[in-house]
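Trainee: Only the shape, not the letters, is given here:
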């Protein structure tokens, strides 16, 4: 399948990369169809909207820079994506890359959860107040080394 992407232009993708978000992404609730793409620089990914090519989110696995991250979300949030087990989910944080050189930050307060098998996704809100919307990714990665 060929899609138009913000970061790469026209891109051929495998159907396995398609993710459906029944409730959309917070702030983009009307957009339901996305593709999960590898970014040119690991450990980042792109969540590219299929319906609106100008919409794409940079994402990162939060465990890459916060090994202590614990997914704590409201009961029932996983029902929308088939109530997967811990082994069946992928967890991501949406990343902000400011154009002014400010720190690259990740939103650990609003994790994106994907059921690897049903390819259904959901953005949830963490119940843990320790996780904020702006965690400095590079600073926290440097502390791990």
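Mentor: Looks like it came in fine. The structure presented is a predicted model; accordingly, all values stated were derived computationally and were not measured.
Trainee: can you pull up the bridge partners for the residue nearest in space to the middle of the chain?
Mentor: When C-alpha atoms, centre = their mean is applied to the chain, the residue found nearest the centroid is residue 92 (4.0 Å). Here residue 92 sits in beta bridges with residue 112, going by DSSP bridges.
Trainee: could you pull out the helices for the protein?
Mentor: 137-144 (DSSP state H).
Trainee: Residue 35: what's it in contact with?
Mentor: Counting by C-beta atoms under 8 Å, 6 or more residues apart in numbering, residue 35 touches 3, 5, 13, 17, 18, 19, 47, 48, 50. Placement of C-beta: from N, CA and C, glycine included.
Trainee: among those residues, who's most crowded?
Mentor: In terms of neighbour count, residue 48 stands highest of these at 25 neighbours, by other C-beta atoms under 10 Å.
Trainee: wouldn't residue 123 be in contact with residue 29 here?
Mentor: No: contact criterion C-beta atoms under 8 Å: residue 123 and residue 29 do not qualify, at 9.8 Å.
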